[in-house]
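Participant: build me a model:
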Amino acid sequence: MVETSMTAAAGPVIASPLARGQGVALWRQIVGSLEKEIGSGQLPPGARLPTEAELSARFAVNRHTVRRAMEELQSRGLVRIEQGRGSFVAEDLLDYPLGPRTRFSETIRRQNREPQGRILRLEEINADAIVAEALKLRRGRPVVAAERLGLADGRPVVIGTHYFSAARFPGIARLLAEDSSITRALAALGLGDYRRQVTRITARMPTAEEAALLEQARTRPVLVTEAVNVDPAGEPVELSLACYAAGRMQILVES
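Facilitator: Predicted coordinates:
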């Protein structure tokens, strides 16, 4: 008789005795079993896998054997292991093209995902040297800083901080508080089009706050972009500083 147990996130887990004494390492058999379940969709992308203790009980092995199997699955890119959160089936990478007109919502929808935006912080501050140079303002002039979390199908993929001249775009903070779309806010203020002038791309490890917002481990890197958008006359509109969950997004540079 086949026995089953339940996990809250991944559904039924079938007890699977391993073939012992047949020359195939137990951890390799565990890899093969879980790989089949991932490939068949029984464990869908983003699903939380059973804990080490649950897998140890399922396969009747010690935790070291389970850990070895999970490390192999991670090295193959099939699972991601997040310290303190558990193990998850790896998700398909989203392409994020950087071109003359980069729009988050449009990009996510083109890949049959549902975009969402959530404003985390809105405040008026004095421009520091970096912001002032990018927006062609005197240092200390008032700017609106909008920190925004971007999601695809409910999964966080990017944190962006966007800076706008408070004098040029009065009321933008109010508009973004009502609707997180930057494109719609700028259109409401009379700017119907803008384009990307320059983007710098680097990588680093996330801060504790960034890792928590992106729901990823601090040991996984983030992709970081610094971008300036300009209006049709070439005047600066926005400075954007963003970090992307590298395990879910890959940046494409388009000419």
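Participant: domain ranges for the protein?
Facilitator: 4-89, 94-253 (automatic domain parsing).
Participant: for these, which has the smallest mean pLDDT value?
Facilitator: Here the lowest mean pLDDT among the domains of the chain goes to domain 4-89, at a mean of 82.
Participant: just send the domains of the chain back as a markdown table, with mean neighbour count too.
Facilitator: For glycine as for every other residue, the C-beta is placed from the backbone atoms N, C-alpha and C. Shown next, in a markdown table, are the domains of the chain (neighbours: other Cβ atoms under 10 Å):
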| stretch | mean neighbour count |
| --- | --- |
| domain 4-89 | 15 |
| domain 94-253 | 16 |
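Participant: where along the stretch 151-255 of the chain do the strands fall?
Facilitator: Along the stretch 151-255 of the chain, counting by DSSP state E, counting those that start in this stretch, strands occupy 155-165, 195-204, 222-230, 236-245, 249-253.
Participant: can I get stretch 133-153 in PDB, CA atoms only?
Facilitator: Once non-C-alpha atoms are left out, stretch 133-153 reads as follows in PDB (Å, rounded to 0.1, in the frame of the first residue of the first chain):
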ATOM      1  CA  GLU A 133      23.700  65.800 -11.900                       C
ATOM      2  CA  ALA A 134      21.400  63.200 -13.500                       C
ATOM      3  CA  LEU A 135      18.400  65.600 -13.500                       C
ATOM      4  CA  LYS A 136      20.500  68.700 -14.300                       C
ATOM      5  CA  LEU A 137      19.500  70.500 -11.200                       C
ATOM      6  CA  ARG A 138      21.500  72.400  -8.600                       C
ATOM      7  CA  ARG A 139      22.400  70.300  -5.600                       C
ATOM      8  CA  GLY A 140      19.900  70.700  -2.800                       C
ATOM      9  CA  ARG A 141      16.900  71.400  -5.100                       C
ATOM     10  CA  PRO A 142      13.700  69.500  -4.100                       C
ATOM     11  CA  VAL A 143      13.000  66.200  -5.800                       C
ATOM     12  CA  VAL A 144      10.300  63.600  -5.300                       C
ATOM     13  CA  ALA A 145      11.700  60.100  -4.500                       C
ATOM     14  CA  ALA A 146       9.300  57.200  -5.200                       C
ATOM     15  CA  GLU A 147      10.400  53.800  -4.100                       C
ATOM     16  CA  ARG A 148       8.400  51.100  -5.900                       C
ATOM     17  CA  LEU A 149       8.200  47.300  -5.800                       C
ATOM     18  CA  GLY A 150       7.400  45.600  -9.200                       C
ATOM     19  CA  LEU A 151       5.800  42.200  -9.300                       C
ATOM     20  CA  ALA A 152       5.100  39.600 -12.000                       C
ATOM     21  CA  ASP A 153       2.200  37.200 -11.200                       C
END
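Participant: now that stretch: how far from the chain's centre is it?
Facilitator: The chain centroid and the centroid of stretch 133-153 are separated by 20 Å, computed with Cα atoms, centre = their mean, to the nearest Å.
Participant: before we move on, what about stretch 81-95?
Facilitator: 10 Å.
Participant: how far does it stretch from start to finish?
Facilitator: The stretch stretch 81-95 measures 22 Å between its terminal residues, going by Cα to Cα, to the nearest Å.
Participant: still on that earlier bit, looking at the strands of the stretch 151-255 of the chain, spot the one closest to Leu122.
Facilitator: strand 155-165 (10.1 Å; Cβ to Cβ).
Participant: against which helices or strands is that closest one packed?
Facilitator: Contact partners of strand 155-165 among helices and strands, from 3 or more Cβ pairs under 8 Å, 6 or more residues apart in numbering; DSSP states H and E: helix 129-135, strand 142-152, helix 208-214, strand 236-245.
Participant: so for Ile119, which of the ones you listed sits nearest?
Facilitator: Comparing the helices and strands packed on strand 155-165 by their distance to Ile119 (Cβ to Cβ), the top pick is strand 142-152, with 5.6 Å.
Participant: between that closest one and strand 155-165, how big is the angle?
Facilitator: Compare the direction of strand 142-152 with that of strand 155-165 by axes from the mean of the first three to the mean of the last three Cα atoms, to 10 degrees and you get 160 degrees.
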